[in-house]
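Visitor: Dropping the sequence and predicted coords here.
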Amino acid sequence: MSASKNVICIFKGNEFFMSKYIMLFLILFSACKHKDETKVKKPNVIIIMTDDQGYQDVACYGSPDIKTPNLDQMAKEGLRLTNFYAAQAVCSASRAGILTGCYPNRLGIHGAFMPKSKKGLNLDELTIAEMLKTKNYATAIFGKWHLGDHPDFLPLQQGFDEFFGIPYSNDMWPYHPQQGPIFNFDILPLIKDNSVVDTLTDQSMLTTQITEHSVDFINRNKENPFFLYVAHPQPHVPLFVSDKFKGKSERGLYGDVIMEIDWSVGQILKALKVNGIDENTLVVFTSDNGPWLNYGEHAGSALPLREGKGTAWEGGQREPCIMRFPNSFKAGIEIKTPLMNIDLLPTIAHLTKTALPERIIDGKNAWSVLVGDTTKCPQEAYFYYYKVNELHAIRYQQWKMYFPHKYRTLNGRKGGKGGLPVKYDHIDLNEIELYDLENDIAETKNIADDHPDLIIKMKKLANEMRERLGDSLRDQKGSETRSIGMISED
């Protein structure tokens, strides 16, 4: 007799047995449904970004004198990217790129915002936080914001539920010993959500406080999907470290600072494991730009790369980047494919099945690269803008070409001591230069004369981007640029 006929017979003979049969079916269905929901639980996302950290300032990237056991372990359990770029070689612009998936000059953002500038990230732009809010993610930023310090531009107006940290770089205040009156602003404010809760004359506990807020946020949201953006103000000068790490490194105060950041990463990863959610959490560690080299012993190292912060040379924009996501990433993999921080937003959108912004963005989904399905770059080329919308360079495959422009350099000199900088030299690059980054990572041999066809190809790509985003070196306006956020003077 068939199962359906059995059910009919039981129903006809005894309603009690029928009700038990239905109850058992509902229990089994509920268990299966619960198991299926657990299986498809939305992934959490954490981005940890440091400030002015050099490419070599992690042990697994070659640091000879800074120990970073937590970051090294994270790399062993995940991916170490060796051709990962910031969107621009300076604070605000780079942060705009990572949060919006756009080249910052598309958004009218160039360089770093000064305090009380009445400018900020336009509220019409969609951040990762706002994107994930459409999927009911809890969102928080702890650390440095630097996308507008006016209340209208603070993180809670840009998709974040919580904010604890500082509104701009930690040197934009009167106590920075070498800046003088040019940075004579109010004492550095410490902000919680939308309100100033303190002023900082000593930042030695700020890394610890940011870490504590991050761990608390994870603990409170272990049952909910969340996006956590940890934006450490260190190791941007002036350097501060807690007593826990003061004098502990072989690299002086700078090394102490990096060791404390590494500890912070370890605390965050530990919180994920304690709460049983580390398998389902994507964690990304990177930096906003390269080291501020003229600060010497208080600056990081980009070796073997050329130059540092404030330049389009590799040391200015190629950053350490480690990603961990046990649910999808293989362990201990090195990824050489070029990627940029603008690619994070569309990649996260793919991971979380979230719709992309309606406005044009520049980033591309790099998921297939991260999971090992391909080594092909999702972008045809990457473009390196600096200053007020100057196109300085382009990367195409293994090649990087530089256009004539002025850049800063120490010209082989050492940087300063005791937190005091030395002055940069400024050099005019007068001709196009081309480098093979696969065989000349330090950019020592200009091979432009050897590859005329490649120069033509890369010029064509650059001209197409100039049509879209402009190039002030040529007095060229772009057709796709958008307005920066502005506060009315009224």
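Guide: On my side now, so go ahead. All of these numbers come straight from a predicted model, not from anything done at the bench.

Visitor: Mind jotting down where the strands sit in the stretch 101-250 of the chain?
Guide: Listed in chain order, the strands of the stretch 101-250 of the chain (DSSP state E, counting those that start in this stretch) span 119-120, 138-144, 162-166, 188-192, 195-200, 226-231.

Visitor: export these to TSV and tack on distance to Gln209?
Guide: Any C-beta I mention is one placed from the backbone N, CA and C, and that applies to glycine too. Compiled in TSV, these are given as follows (distance: least, Cβ to Cβ, whole Å):
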stretch	distance to Gln209
strand 119-120	24
strand 138-144	8
strand 162-166	7
strand 188-192	9
strand 195-200	10
strand 226-231	12
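
Visitor: could those go into CSV alongside mean pLDDT?
Guide: CSV is the format used below for the strands of the stretch 101-250 of the chain (pLDDT from 0 to 100):
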stretch, mean pLDDT
strand 119-120, 96
strand 138-144, 98
strand 162-166, 98
strand 188-192, 94
strand 195-200, 91
strand 226-231, 98
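
Visitor: CSV for those, including mean neighbour count?
Guide: As requested, the strands of the stretch 101-250 of the chain are exported to CSV (neighbours: other Cβ atoms under 10 Å):
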stretch, mean neighbour count
strand 119-120, 23
strand 138-144, 25
strand 162-166, 22
strand 188-192, 19
strand 195-200, 12
strand 226-231, 25
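
Visitor: between the ones you listed, which gets nearest to Ile322?
Guide: Proximity to Ile322 (Cβ to Cβ) singles out strand 226-231 among those, at 13.5 Å.

Visitor: CA atoms only for that closest one, dumped as PDB, please.
Guide: C-alpha atoms of strand 226-231 as PDB (Å, rounded to 0.1, in the frame of the first residue of the first chain):
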ATOM      1  CA  PHE A 226      27.500  42.700  10.600                       C
ATOM      2  CA  PHE A 227      30.000  44.900   8.800                       C
ATOM      3  CA  LEU A 228      32.800  46.200  11.000                       C
ATOM      4  CA  TYR A 229      35.300  48.800   9.700                       C
ATOM      5  CA  VAL A 230      38.400  49.100  12.000                       C
ATOM      6  CA  ALA A 231      40.400  52.200  10.800                       C
END
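
Visitor: Mind giving me the packing neighbours of that strand?
Guide: When contacts are defined as 3 or more Cβ pairs under 8 Å, 6 or more residues apart in numbering; DSSP states H and E, strand 226-231 sits against strand 44-50, helix 128-133, strand 138-144, helix 206-220.

Visitor: Now distance to Leu269 too, for those, in TSV please.
Guide: TSV is the format used below for these (distance: least, Cβ to Cβ, whole Å):
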stretch	distance to Leu269
strand 44-50	9
helix 128-133	20
strand 138-144	16
helix 206-220	10
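
Visitor: Between those, which one is closest to Trp292.
Guide: Comparing these by Cβ to Cβ, strand 44-50 comes nearest, at 12.5 Å.

Visitor: tell me the average confidence for the closest one?
Guide: What strand 44-50 shows for mean pLDDT is 98.

Visitor: And the following helix or strand past that strand, what's buried?
Guide: As assigned by DSSP states H and E, the chain's next helix or strand after strand 44-50 is helix 69-76. Buried positions in helix 69-76, judged by neighbour count with 16 or more other Cβ atoms under 10 Å: 70-75.

Visitor: Make sure Leu123 is actually in contact with Leu156.
Guide: No. Counting by Cβ atoms under 8 Å, Leu123 does not reach Leu156; the two are 11.5 Å apart.

Visitor: Next, the distance between the ends of stretch 218-238.
Guide: Stretch 218-238 has an end-to-end distance of 29 Å (criterion: Cα to Cα, to the nearest Å).

Visitor: In terms of secondary structure, what does the helix or strand hosting Ile427 contact?
Guide: Using DSSP H and E, Ile427 sits in strand 425-429. For strand 425-429, the packing partners by 3+ Cβ pairs under 8 Å, 6+ apart come out as strand 405-409.

Visitor: Number of residues surrounding Gln158?
Guide: 26 (other Cβ atoms under 10 Å).

Visitor: Hmm, Leu147 and it touching each other?
Guide: Yes. In this structure, Gln158 is within contact of Leu147 by Cβ under 8 Å, at 7.3 Å.

Visitor: SS state for Arg80?
Guide: Counting by DSSP: H, G, I helix; E, B strand; the rest coil, the backbone at Arg80 sits in strand.

Visitor: Quick check, it in contact with Lys330.
Guide: No. Applying Cβ under 8 Å as the test, Arg80 and Lys330 come out as separate, 11.7 Å apart.

Visitor: Which of those two has more residues huddled nearby?
Guide: Ranked by neighbour count (other Cβ under 10 Å), Arg80 and Lys330 place Arg80 first, with 22 against 12.

Visitor: Next up, the contacts around the more buried one.
Guide: Residues near Arg80 by Cβ atoms under 8 Å, 6 or more residues apart in numbering: 60-61, 321-322, 333-335.

Visitor: picking up where we left off before, what do Gln158 and Leu147 both touch?
Guide: Shared contacts of Gln158 and Leu147, defined by Cβ under 8 Å, 6+ apart, comprise 99, 121.

Visitor: coming back round to it: among the contacts of Arg80, name the ones in strands.
Guide: Cross-referencing those against strands under DSSP state E gives 321-322, 333-335.

Visitor: Which pair of these spans the longest distance?
Guide: Cys321 and Ile333 (12.6 Å).

Visitor: of these two, who's got more company?
Guide: Ranked by neighbour count (other Cβ under 10 Å), Cys321 and Ile333 place Cys321 first, with 25 against 16.

Visitor: Nearest residue to the more buried one in space, please, no chain neighbours.
Guide: Once flanking residues are discounted, Cys321 sits nearest to Phe84: 3.6 Å by Cβ to Cβ, 6 or more residues apart in numbering.

Visitor: And what about the one you found, helix, strand or coil?
Guide: On the basis of three-state DSSP, Phe84 is classed as strand.

Visitor: Which residue, other than its chain neighbours, is closest to Pro235?
Guide: Nearest in space to Pro235, with sequence neighbours left out and distances taken as Cβ to Cβ, 6+ apart, is Val257 at 4.6 Å.

Visitor: Work out the gap between the one helix or strand that neighbour maps to and the centre of the chain.
Guide: Per DSSP H and E: Val257 is located in helix 252-274. Computed by Cα atoms, centre = their mean, to the nearest Å, the chain-centroid distance of helix 252-274 equals 17 Å.

Visitor: swap in stretch 114-124?
Guide: The chain centre lies 20 Å from the centre of stretch 114-124; the measure is Cα atoms, centre = their mean.

Visitor: Quick one: end-to-end length of that stretch, please.
Guide: With Cα to Cα as the measure, stretch 114-124 spans 21 Å from end to end.

Visitor: swap in stretch 113-123?
Guide: Using Cα to Cα, one end of stretch 113-123 lies 16 Å from the other.

Visitor: about what we covered before: so which of the strands of the stretch 101-250 of the chain is nearest Leu469?
Guide: Of all the strands of the stretch 101-250 of the chain, strand 119-120 sits nearest to Leu469, with 18.6 Å by Cβ to Cβ.
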